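**Q** Sequence first, then the predicted structure:
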Amino acid sequence: MNPLHRPMRNWALATMLAALASGGCGRSQQPVVPAVDLKEAEIARLKARIELLQNELDSLNGQLKETHGRDEKLVNAIRQLQTRNRQLEEQVRVLATAPAERDTYKARAETLSAYVLRLEGEVKRLGGTLPLRGGKPTAPTK
């Protein structure tokens with residue numbers, strides 16, 4: 001063997017041993033994954049995330065529909081209560097005037113009763129009868 005080749009061989013051997021000691025010829029211990037496989041894995045991960053988010057959206061939409069249903073029931077109940085409240089307010093307004101109206105009607109009834117008695121007395125004085133208390137009217141006698 002040529003003595004000039006010996007140092008070169010030692011240097012190559014030393015370089016190879018150093019490379020193996022530092023992790024193996026510049027390569028990592030993990031297998032090399034092509035860029036296409038990484039992109040496909042990322043796409044699969046994103047699709048799974050989209051599906052998860054879609055399921056969450058569907059769940060939230062269901063909850064929103066339930067909430068809208070409850071809101072609608074509450075709005076209807078409030079409207080019914082407002083209608084009933086207006087009816088009761090009208091009754092209170094009518095009944096608030098009832099004592100005064102009762103007194104007015106009572107006074108009118110007493111006035112009419114006195115007038116009828118006066119008319120009956122006048123008709124009797126003239127000799128006839130009025131059909132107010134039953135019976136047939138008769139003409140006064142002369």
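**A** Thanks, I have it. Residues are numbered from 1 along each chain as shown.

**Q** Show me where this structure dips below the pLDDT cut-off.
**A** Within the chain, the stretches with pLDDT under 70 are 1-33, 129-142.

**Q** which helix is the longest one in it?
**A** Ranked by residue count under DSSP state H, the longest helix found in the chain is helix 35-96.

**Q** and the helix or strand following that helix, which residues are buried?
**A** Later in the chain than helix 35-96, the nearest helix or strand by DSSP states H and E is helix 98-126. Neighbour counts over helix 98-126 (16 or more other CB atoms under 10 Å) mark V123 as buried. In this view, the C-beta of every residue, glycine as well, is placed from N, C-alpha and C.

**Q** what does stretch 64-84 give?
**A** The neighbour-count check on stretch 64-84 (16+ other CB under 10 Å) flags nothing as buried.

**Q** Put the alpha carbons of that stretch into PDB.
**A** The C-alpha trace of stretch 64-84 is given here as PDB (Å, rounded to 0.1, in the frame of the first residue of the first chain):
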ATOM      1  CA  LEU A  64     -80.100  28.500  20.400                       C
ATOM      2  CA  LYS A  65     -83.300  27.000  19.000                       C
ATOM      3  CA  GLU A  66     -84.300  25.800  22.500                       C
ATOM      4  CA  THR A  67     -83.600  29.300  23.900                       C
ATOM      5  CA  HIS A  68     -85.600  30.900  21.100                       C
ATOM      6  CA  GLY A  69     -88.500  28.500  21.800                       C
ATOM      7  CA  ARG A  70     -88.400  29.400  25.500                       C
ATOM      8  CA  ASP A  71     -88.100  33.100  24.700                       C
ATOM      9  CA  GLU A  72     -91.200  32.900  22.400                       C
ATOM     10  CA  LYS A  73     -93.200  31.200  25.100                       C
ATOM     11  CA  LEU A  74     -92.200  33.900  27.600                       C
ATOM     12  CA  VAL A  75     -93.100  36.600  25.100                       C
ATOM     13  CA  ASN A  76     -96.500  35.000  24.600                       C
ATOM     14  CA  ALA A  77     -97.000  34.700  28.400                       C
ATOM     15  CA  ILE A  78     -96.100  38.300  28.800                       C
ATOM     16  CA  ARG A  79     -98.600  39.400  26.100                       C
ATOM     17  CA  GLN A  80    -101.300  37.400  27.700                       C
ATOM     18  CA  LEU A  81    -100.600  38.900  31.100                       C
ATOM     19  CA  GLN A  82    -100.600  42.400  29.600                       C
ATOM     20  CA  THR A  83    -104.000  41.700  28.000                       C
ATOM     21  CA  ARG A  84    -105.300  40.400  31.300                       C
END
